[in-house]
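S.K.: Could you look at this predicted model? Sequence included:
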Amino acid sequence: MSSNTLVFRSAITERIVKLVAEYGYITSAEVALFTKNPQTAMSILYQLRQKGLLTAFPTHLRPPFAYTLTTKTKQIIMSSGLVDFIGPFRPHKYKETQFFHDTTLVKLQIIFEQILDSRLKQYMSFKRLVRDQKANKKICDAEMTVAGKTGNEKHFAVELELSSKSKQRFKKGVMTLADQAKDRYDAIIIIYSWPTIKGNWQEALKEVKNLHSVDYFFISKEDFIQNKQSCKVEDINNKVIPLF
């Protein structure tokens, strides 16, 4: 237990608060990934709301409510040194069209932390990447540094694709990412919602393969969330391999 955990009296509460600071908001579905029980997740969020640490707002989707930090909590975590970054989210900025993308990104971080444990040396969200680079330019949805079994470290980009785009727009985005990634990452993990999205990625990458020397791995969102312990991915040629 860290010394800052004493501020919130439990490691779970600290974890929730840190994730909300990073991503802006959280729902019971994400909290349930580490409580292992949806009812327990809802109970914890209710208690945090009652204590004035979180405030709820309607999502108009499922789950029906999301939770964000109160001004009181922001003051506590900054003064205690629990976090060095609080995202710019405010409830009035909430957009239903971004809800599933936003909440899935939170789920991905939680799952990568569970899979890798102490091997995960660093995990940076897109919002933190934008802040640190001082440029509002898309690179990837997250990046992480992972210690290999032999002690070497590898740098991964994580890209979440939940919606289809036109082939022209898709190819342009892939080329931009591939060009930016070549000196930055060892591999890029593409987590997709539909097989057609994976196919579009593979098709575009085969056309721009000379722009990079980075490995690309694919896994569906459902497989990643439901079968996180096995965590097997496909390469650009559909060969199934363990990711870590």
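M.R.: Received, thanks.
S.K.: Every contact and neighbour count from this point should use C-alpha atoms.
M.R.: Will do.
S.K.: what about the helices in the protein?
M.R.: 5-8, 11-23, 28-35, 38-50, 71-80, 99-116, 126-133, 167-181, 195-208, 221-226 (DSSP state H).
S.K.: Among those helices, show the one with the smallest mean pLDDT.
M.R.: Among the helices of the chain, helix 5-8 has the lowest mean pLDDT, at a mean of 56.
S.K.: Out of the helices of the chain, which gets nearest to K239?
M.R.: K239 lies closest to helix 195-208 among those, at 12.5 Å (C-alpha to C-alpha).
S.K.: out of the helices of the chain, which comes closest to G87?
M.R.: Set against G87 and scored by C-alpha to C-alpha, those come closest in helix 11-23, at 5.5 Å.
S.K.: who's in contact with the residue most central in space within the chain?
M.R.: Nearest residue to the geometric centre of the chain (C-alpha atoms, centre = their mean): L105, 3.1 Å. By C-alpha atoms under 8 Å, 6 or more residues apart in numbering, L105 lies in contact with 141, 160.
S.K.: quick one: it from G81, how far?
M.R.: 24 Å (C-alpha to C-alpha, to the nearest Å).
S.K.: Same check on M124?
M.R.: M124 is 18 Å from G81, by C-alpha to C-alpha.
S.K.: more neighbours, these two?
M.R.: M124 (18 against 10; other C-alpha atoms under 10 Å).
S.K.: could you dump the helices of the chain to CSV with distance to P242?
M.R.: Below are the helices of the chain laid out as CSV (distance: least, C-alpha to C-alpha, whole Å):
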stretch, distance to P242
helix 5-8, 35
helix 11-23, 27
helix 28-35, 22
helix 38-50, 29
helix 71-80, 38
helix 99-116, 12
helix 126-133, 25
helix 167-181, 22
helix 195-208, 18
helix 221-226, 12
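S.K.: export the longest strand along the chain as PDB, just CAs?
M.R.: In the chain, with assignment by DSSP state E, the single longest strand is strand 153-161. Only the C-alpha atoms of strand 153-161 are listed here, as PDB (Å, rounded to 0.1, in the frame of the first residue of the first chain):
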ATOM      1  CA  GLU A 153      12.400  -3.400 -22.700                       C
ATOM      2  CA  LYS A 154      10.000  -3.000 -25.600                       C
ATOM      3  CA  HIS A 155       7.900  -0.100 -26.600                       C
ATOM      4  CA  PHE A 156       4.400  -0.600 -27.800                       C
ATOM      5  CA  ALA A 157       1.700   1.600 -29.300                       C
ATOM      6  CA  VAL A 158      -1.900   0.800 -28.700                       C
ATOM      7  CA  GLU A 159      -4.500   1.800 -31.300                       C
ATOM      8  CA  LEU A 160      -8.200   1.300 -30.700                       C
ATOM      9  CA  GLU A 161     -10.400   1.100 -33.800                       C
END
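S.K.: Paired strands for it, with orientation please.
M.R.: strand 142-147 (antiparallel), strand 187-192 (parallel) (DSSP bridges).
S.K.: quick revisit: so which of the helices of the chain comes closest to V214?
M.R.: helix 167-181 (7.3 Å).
S.K.: List the contacts of that closest one.
M.R.: Counting by C-alpha under 8 Å, 6+ apart, 139-140, 200-201, 204-205, 208, 211-212, 214 sit against helix 167-181.
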